[in-house]
Every structure is written in structure tokens, then in C-alpha cells.
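*Asks:* okay, sequence plus prediction incoming.
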Amino acid sequence: MLSRTITLIAALACVPAAHAQLSIEITGAGAQRVPIAVAPFAGEAALGGGITGIVRADLERSGLFRGLEVPPMSPPLTEASSVSYPEWRARLADALLLGSVLERPDGRYEVRFRLFDVVKQAPLGGVAYTLGKDQARATAHRIADFVYEKLTGEKGVFSTRIAYVVKRGNRYELQIADSDGAGAQTALASFEPIISPAWSPDGRRLAYVSFENKKPVVYVHALADGKRQVVANFKGSNSAPAWSPDGARLAVTLSREGGSQIFLINPDGSGVRRLTSSSAIDTEPRFSPDGRFIYFTSDRGGSPQVYRMPASGGEPQRVTFEGSYNVSPRISPDGKTLAYITRNEGKFQVALLDLSNRQVQILTDSDRDESPSFAPNGRMILLATVIAGRGVLSAVSADARVKQRLSATAGDVREPAWGPFID
């Protein structure tokens with residue numbers, strides 16, 4: 001029947017879903033933002049324009065930068081222009097980005113840029129990228145990443161991708177988009193629920209749970225060609241896939257032996273091995289960045305709490321102690337903090353636990369948060385929250401100072417997952 005069919009998109013790059021673009025609203029920004037002047041790139045009109053605007057928007061969205069408007073100048077400024085540092089200080093700029101776009105004889109384009117520290121009156125470096133016209137947005141994200149890293153000392157995440165599920169009527173779509181919500185494409189469309197997308201460490205595959213067979217089944221989906229493989233379709237429930245840092249294994253929750261317990265399994269479905277053995281519900285596993293431990297949710301103590309055990313199996317240790325409801329653990333990329341959903345005065349919110357000093361901070365002020373996901377540099381956390389009965393994506397910085405809201409028109413957006421760095 002048509003209502004039970006699954007539409008697999010064979011090539012992600014071929015099927016943009018323009019109607020599902022996410023719009024970003026910055027609802028809170030960092031207090032001390034670096035003022036940066038991003039001058040219009042000379043010749044960028046040849047690429048349809050937009051590079052300068054995308055770079056500025058990326059930097060502002062981080063909450064660490066404040067973009068300064070720079071009017072077009074004659075002659076246009078380029079990366080080779082002589083810089084008058086006092087003039088740019090008078091414009092209140094701490095940093096300056098200059099660049100240009102040139103068309104090559106082969107029909108491709110070259111984007112050159114240089115970054116300057118106006119306060120120290122010194123160049124900070126630059127790069128030249130060769131690209132096709134359809135790569136302008138991706139190149140702008142790479143430029144923003146360069147600027148971010150030079151000025152903050154940590155890698156930027158503007159070139160990374162996010163995954164999420166949009167429900168429209170009775171149709172579910174697993175979407176992939178740039179970190180700013182642009183370029184959304186459909187990886188999978190179904191008339192049955194899709195949940196728990198999880199990126200492989202190399203960013204080439206997604207594991208997820210689909211209900212197309214009237215029960216939860218774990219799949220691994222190759223994004224390059226749309227091919228997928230059943231990983232776990234055992235008796236009972238198959239859910240909550242999470243990749244090991246080396247991509248060689250998945251931790252999953254299975255009820256095939258009675259009760260929900262955590263197992264290890266290879267991405268091709270072989271090598272199933274049980275890790276937990278309890279009469280409780282053990283679920284939502286997540287590997288630590290070094291692969292040594294697995295964090296998970298369990299009610300073995302009488303209420304849902306976060307536990308940790310060796311990735312090879314062993315006695316779990318309780319991690320969360322504040323509150324009677326703590327679920328959906330997500331360990332930060334540096335392994336120092338743990339994000340999770342806690343029930344706080346009747347509200348379900350994102351909390352952050354410092355694993356060294358045991359301090360807990362509530363990061364959000366919403367009522368129904370779900371599915372936190374760290375950016376690969378650990379600076380931001382992506383999550384879903386329910387507002388007026390509709391799911392929207394939000395993002396909050398790990399220090400709670402920067403807040404954003406990402407929403408799709410006429411869609412219920414859930415299950416976010418932030419993808420890894422891609423070399």
C-alpha cells in the first residue's frame with residue numbers, strides 16, 4: 001500500500017528540499033563579542049554574491065563575533081590591498097577580513113582572502129580556494145571556519161552538517177542540512193516514524209531507527225548513494241544506535257532477550273554481544289570520546305538516571321544524582337562535561353554536568369527539551385524543544401550565554417544530531 005511505502009533518495013546531493021529550509025533566530029548572544037569587519041569580496045557577484053554575507057552570518061551566529069557593516073569601496077578592497085590599521089580601529093574593528101573572487105580560464109573560480117588583527121596591526125594569514133559555482137556556500141563556511149579558528153584558537157563548525165526529522169502531516173522526512181540550516185536535503189522519507197539519527201565518525205553514514213515494518217528496526221544509511229543496511233531487526237524492540245569513536249561498532253538497545261538492555265553490534269549486523277544484564281530498562285547508550293566508556297540511561301535505581309560502564313562491559317556506576325529524572329546523556333567532545341535532559345520544577349530542560357567538580361548548570365529556559373547533541377568543537381548544543389505543540393530545533397552554548405532557534409515552516413522538527421568534523 002502507498003501509505004506503507006518508503007522512498008529512499010538514491011543520491012543526497014540530487015534532491016534538495018527547499019521547502020524544509022531552517023530559519024535561524026538568535027535569541028541570546030555572548031556579552032563580549034569581537035567586532036570584525038568583513039569587507040565585500042571583490043568580484044563575488046560572479047558567484048551570485050553571498051560569500052561575504054554567509055561568512056558574517058556564520059561568525060555572528062557563534063555569539064562570539066559582531067559583524068561590522070562595510071560599504072562597497074572604489075576601488076574594491078581585496079586581500080592584496082594595503083591596510084591602514086588606524087582607519088579600521090577608528091571603525092571600531094578588532095579584526096578585518098578582505099578577499100576577492102576571480103574566474104579562471106577553465107570556468108572555475110578562485111577565492112582568495114586574508115585576515116588581519118587590527119589591534120596588533122598584523123596579518124593572521126590567508127588561503128586561496130578553487131571552486132565551482134555551486135560550491136560558493138560551502139567555501140564561505142570554510143572561510144568562516146578559518147577566521148573562527150585564527151581568532152579563538154578552536155576549530156569552527158560552520159562546515160559541519162546537522163540531521164533532524166521533520167513531520168508534515170503523516171509524512172516523516174530525515175533531513176540533512178548545513179550547520180546554518182541551509183541546503184536541506186532529504187535522506188529518507190516515510191509514512192512511519194523515523195527516530196534517533198546518529199552520525200558515523202567519518203560523517204558518511206547515518207544510523208537511525210525506522211518503524212516502516214511496524215516495529216523499530218535499526219538501519220545504517222550511506223549518504224553518498226542512499227543505500228542502507230539492516231543492522232538490528234531482532235524480536236522485540238531495536239533502538240537507540242550510537243557509534244563507537246572508531247566507527248567499528250554500534251551500541252544499541254535491544255529487547256530480544258527480554259527487557260531493554262544494551263548490546264554491541266557491528267555496522268553490518270554481525271557480532272552481537274550483550275553488555276548490560278539487569279531487570280531494569282537500560283537504554284540511550286553513548287560512547288565516551290576515547291571509546292573507553294559507555295554512558296546510558298537506566299532506572300535500575302528506581303528512577304531514570306545516567307550511568308557509566310566500561311565499553312567492554314562491567315559494573316555500571318551512577319553519574320547523575322541531582323533530581324529524580326535525568327535521561328539522554330551526551331558526552332562532550334573533550335570528555336569533560338555531560339549534557340542530558342533533566343526534570344527541573346516540572347520542566348524538561350538541558351543540564352550540563354562538569355564531570356570533574358560535579359557542578360550542574362541548567363542551560364535552557366524552555367519547558368520540553370529533547371535530544372541534546374554537541375557540536376564537534378563542544379561550543380554549542382543542538383536540541384529539540386516543543387513550543388505550542390510543535391517541535392523546533394534550538395541551540396544553546398555550553399556556557400548558556402548564546403541561544404538560537406531553528407524552525408522549519410509548517411513542520412514538526414525533532415531528533416537533531418550534529419555531525420562530525422569532515423576533513
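*Replies:* Arrived safely, thanks for sending. Predicted, not measured: the structure shown is a model, and the values here were computed from it. Numbering: from 1, shown residues only.
*Asks:* what ranges does the stretch 251-400 of the chain have for its helices?
*Replies:* Along the stretch 251-400 of the chain, counting by DSSP state H, counting those that start in this stretch, no stretch forms helices.
*Asks:* any weak-confidence spans in it?
*Replies:* For the stretch 251-400 of the chain, no stretch has pLDDT under 70.
*Asks:* 90 instead?
*Replies:* 258, 387-390 (pLDDT under 90).
*Asks:* tell me the pLDDT at Leu8?
*Replies:* On pLDDT, Leu8 comes in at 33.
*Asks:* go on, Gly28?
*Replies:* Reading off the confidence values, Gly28 has pLDDT 62.
*Asks:* now do the one 5 residues further on
*Replies:* Residue-level confidence at Arg33 comes out at 91, pLDDT.
*Asks:* for Glu87, pull up the helix or strand it's in.
*Replies:* Element membership of Glu87 [criterion: DSSP states H and E] is helix 85-90.
*Asks:* got the CA coordinates for that helix in PDB?
*Replies:* Extracted in PDB, the C-alpha atoms of helix 85-90 (Å, rounded to 0.1, in the frame of the first residue of the first chain):
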ATOM      1  CA  TYR A  85      45.200  49.800  10.700                       C
ATOM      2  CA  PRO A  86      44.400  53.200  12.300                       C
ATOM      3  CA  GLU A  87      41.500  53.700   9.900                       C
ATOM      4  CA  TRP A  88      40.000  50.300  10.800                       C
ATOM      5  CA  ARG A  89      40.500  51.000  14.500                       C
ATOM      6  CA  ALA A  90      38.500  54.200  14.000                       C
END
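*Asks:* what lies in contact with it?
*Replies:* 37, 96, 116, 118-119, 121 (Cβ atoms under 8 Å, 6 or more residues apart in numbering). Backbone N, C-alpha and C define where each C-beta goes, glycine included.
*Asks:* for stretch 315-326, same thing?
*Replies:* With contacts defined as Cβ under 8 Å, 6+ apart, stretch 315-326 is touched by 276, 295-298, 300-301, 303-309, 329, 338, 340-344, 348, 351, 353, 355, 360.
*Asks:* redo the contacts of helix 85-90 as a markdown table? Include distance to Thr283, neighbour count and pLDDT.
*Replies:* Shown next, in a markdown table, are the contacts of helix 85-90 (distance: Cβ to Cβ, whole Å; neighbours: other Cβ atoms under 10 Å; pLDDT from 0 to 100):
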| residue | distance to Thr283 | neighbour count | pLDDT |
| --- | --- | --- | --- |
| Ala37 | 49 | 21 | 97 |
| Leu96 | 50 | 25 | 98 |
| Phe116 | 51 | 24 | 98 |
| Val118 | 52 | 22 | 98 |
| Val119 | 51 | 13 | 97 |
| Gln121 | 56 | 12 | 97 |
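*Asks:* closest one of those to Val217?
*Replies:* Checking the contacts of helix 85-90 against Val217 by Cβ to Cβ gives Ala37 as the nearest, at 52.2 Å.
*Asks:* ok, the closest one to Leu68 distance?
*Replies:* 4 Å (Cβ to Cβ, to the nearest Å).
*Asks:* which residues do these two both contact?
*Replies:* 91, 93.
*Asks:* what average pLDDT does stretch 171-183 get?
*Replies:* The predicted model assigns stretch 171-183 a mean pLDDT of 94.
*Asks:* list the buried residues for it?
*Replies:* By 16 or more other Cβ atoms under 10 Å, the buried positions in stretch 171-183 come out as 172-183.
*Asks:* show me which of these is closest to Pro193.
*Replies:* Closest to Pro193, out of all of these and judged by Cβ to Cβ, is Tyr172, at 5.8 Å.
*Asks:* using the three-state scheme, assign the closest one.
*Replies:* On the three-state scheme (DSSP: H, G, I helix; E, B strand; the rest coil), Tyr172 is labelled strand.
*Asks:* quick one, what contacts it?
*Replies:* Going by Cβ under 8 Å, 6+ apart, Tyr172 touches 165-166, 189-194.
*Asks:* try 6 Å
*Replies:* Contacts for Tyr172 (Cβ atoms under 6 Å, 6 or more residues apart in numbering) come out as 165, 190, 193-194.
*Asks:* on that earlier part again, of the buried residues of stretch 171-183, which pair is most distant in space?
*Replies:* Using Cβ to Cβ, the two most remote members of these are Tyr172 and Asp180, lying 23.2 Å apart.
*Asks:* domain-wise, how is this structure divided?
*Replies:* 33-152, 161-418 (automatic domain parsing).
*Asks:* distance to Leu22 added to those, as CSV?
*Replies:* Converted to CSV, those look like this (distance: least, Cβ to Cβ, whole Å):
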stretch, distance to Leu22
domain 33-152, 12
domain 161-418, 3
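*Asks:* ok, Gly271 to Pro40 distance?
*Replies:* Gly271 is 55 Å from Pro40, by Cβ to Cβ.
*Asks:* who has more neighbours out of these two?
*Replies:* Shown here are Gly271 and Pro40; by other Cβ atoms under 10 Å, Pro40 has more neighbours (20 against 12).
*Asks:* just the pLDDT for the more buried one.
*Replies:* 95.
*Asks:* show me which positions of stretch 151-164 end up buried.
*Replies:* Quick answer for stretch 151-164 (16+ other Cβ under 10 Å): 151, 155-164.
*Asks:* pull the distance from that stretch to the chain's centre.
*Replies:* Its chain's C-alpha centre and that of stretch 151-164 lie 8 Å apart, by Cα atoms, centre = their mean, to the nearest Å.
*Asks:* give me the mean pLDDT for that stretch.
*Replies:* 97.
*Asks:* next, count neighbours for Asp246.
*Replies:* 10.
*Asks:* select the longest helix from the protein.
*Replies:* When the chain is scanned for its longest helix (criterion: DSSP state H), the result is helix 136-152.
*Asks:* related to what we said a few turns ago, of the contacts of helix 85-90, closest to Ser366?
*Replies:* Closest approach between the contacts of helix 85-90 and Ser366, by Cβ to Cβ: Ala37, at 34.9 Å.
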